[in-house]
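> Here's my sequence, what's the structure:
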Amino acid sequence: MKGDSKAANPAGKPQHLGDLKNDLLAPGLYVTSTPIGNARDITLRALDVLKGADLIVAEDTRVTAKLLAIYGISKPLTAYNDHNAARERPRLLGRLRAGARIALVSDAGTPLVSDPGFKLVREAIQERLPVHAVPGASAALTGLVLSGLPSDRFLFAGFLPTKAGERQSALEELKSIRATLIFFESGPRLAETLKHMAEILGMRSAAVARELTKLHEELRRGTLAELAQSYENVPPPKGEVTLLVSPPHEAEADLSAVDAALDAALPFMPLKPASEMIANLTGVSRKDVYARGLEKKNG
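Reported below is the predicted structural model:
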């Protein structure tokens, strides 16, 4: 029953953590979330796991070493990433078979989200080795919460392919999905990605989230076309970006009528009054009609 959690665990003792008074963890692999920016976003349970682990496995040991130093944790630390995963995985599985307590962390956020950790987890599960999740910060969910886009249904799509043709095919596959789409993107590729999204996905609301939970946190909202234009002629933002795109607008089927009306009106009247008139006639939002008109004028 939902209301019985305290009765079932009256001391509020975290599951799978063994006797914390003796700083002991049960054997197994601990998929441990770490902060995405602000170091204080780490959970108490994650700190218990990092302190009690025999080994901490990190995507980049330099990044994780800084976090451990902040909390005064000194534990053996080894790298596990795309370059050495095939070599390191058998060794880590061997230690798990021997009863080791291993904490798996990524550079930031929840492991297995766009990093190689899932293969280690998959093979541990196949061998019936214990795997525990220690939940915490996630850039994808943090961006979704701040975006103002529908959160009842969403799809994490990770990084798009770098090659233009493959990227176009990936976006075409995602075009009809009626859910908020969540992507990770690099700063240098952001402007080009937004442009391609505006061309392929059409008129969508979107948000660009950067430096989440950090001092210079930035979140821009607008249509894909507006955001593409705002990043077009400026230096690329630093760091990785979380990019969120709304589901297809309900009125997308009427865009052909909007386009025809804009083509007829714009030669004779300014965009703003034309947008108001067409929005009233078609039922498409004034903001979307205006954005469509801007695309036509700038195209």
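> and the helix or strand hosting residue 297, what other elements does it pack with?
In the assignment (DSSP states H and E), residue 297 maps to helix 286-298. The contact analysis (3 or more CB pairs under 8 Å, 6 or more residues apart in numbering; DSSP states H and E) places helix 286-298 against strand 218-223, helix 224-232, helix 255-265, helix 271-282. The C-beta positions use only the backbone N, C-alpha and C, and glycine is treated the same way.
> mind redoing it with 6 Å?
Judged by 3 or more CB pairs under 6 Å, 6 or more residues apart in numbering; DSSP states H and E, the packing partners of helix 286-298 are helix 255-265, helix 271-282.
> Redo the ones you listed as CSV? Include mean pLDDT.
Formatted as CSV, those follow (pLDDT from 0 to 100):
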stretch, mean pLDDT
helix 255-265, 86
helix 271-282, 85
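> any chance of those helices in TSV, with mean neighbour count and distance to residue 218 too?
Converted to TSV, the helices and strands packed on helix 286-298 look like this (neighbours: other CB atoms under 10 Å; distance: least, CB to CB, whole Å):
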stretch	mean neighbour count	distance to residue 218
helix 255-265	16	30
helix 271-282	16	28
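> Can I get those helices in JSON lines including distance to residue 49?
Converted to JSON lines, the helices and strands packed on helix 286-298 look like this (distance: least, CB to CB, whole Å):
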{"stretch": "helix 255-265", "distance to residue 49": "51"}
{"stretch": "helix 271-282", "distance to residue 49": "54"}
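> These: which one's closest to residue 230?
Smallest distance to residue 230 across those (CB to CB): 17.9 Å, for helix 271-282.
> how big is the angle separating that closest one from helix 255-265?
140 degrees (axes from the mean of the first three to the mean of the last three CA atoms, to 10 degrees).
> Please work out which residues outside helix 271-282 touch it.
254, 257-258, 261, 265-266, 286, 289-290, 293 (CB atoms under 6 Å, 6 or more residues apart in numbering).
> quick check, distance from it to the centre of its chain.
Per CA atoms, centre = their mean, to the nearest Å, the displacement of helix 271-282 from the mean C-alpha position of its chain is 36 Å.
> May I ask you to confirm that residue 58 is in contact with residue 103?
No: using CB atoms under 6 Å, residue 58 is not in contact with residue 103; the gap is 8.8 Å.
> Only alpha carbons, please: show stretch 279-295 as PDB.
Extracted in PDB, the C-alpha atoms of stretch 279-295 (Å, rounded to 0.1, in the frame of the first residue of the first chain):
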ATOM      1  CA  ALA A 279      -4.900  33.500 -36.300                       C
ATOM      2  CA  ASN A 280      -8.500  34.500 -35.900                       C
ATOM      3  CA  LEU A 281      -9.400  32.900 -39.200                       C
ATOM      4  CA  THR A 282      -7.500  29.600 -38.800                       C
ATOM      5  CA  GLY A 283      -7.500  29.000 -35.100                       C
ATOM      6  CA  VAL A 284      -3.700  28.600 -35.100                       C
ATOM      7  CA  SER A 285      -2.100  30.600 -32.300                       C
ATOM      8  CA  ARG A 286      -1.000  34.200 -33.100                       C
ATOM      9  CA  LYS A 287       2.500  33.400 -31.900                       C
ATOM     10  CA  ASP A 288       2.800  30.400 -34.300                       C
ATOM     11  CA  VAL A 289       1.400  32.400 -37.200                       C
ATOM     12  CA  TYR A 290       3.900  35.200 -36.500                       C
ATOM     13  CA  ALA A 291       6.800  32.700 -36.300                       C
ATOM     14  CA  ARG A 292       5.700  31.200 -39.600                       C
ATOM     15  CA  GLY A 293       5.600  34.700 -41.200                       C
ATOM     16  CA  LEU A 294       9.100  35.400 -39.900                       C
ATOM     17  CA  GLU A 295      10.400  32.300 -41.500                       C
END
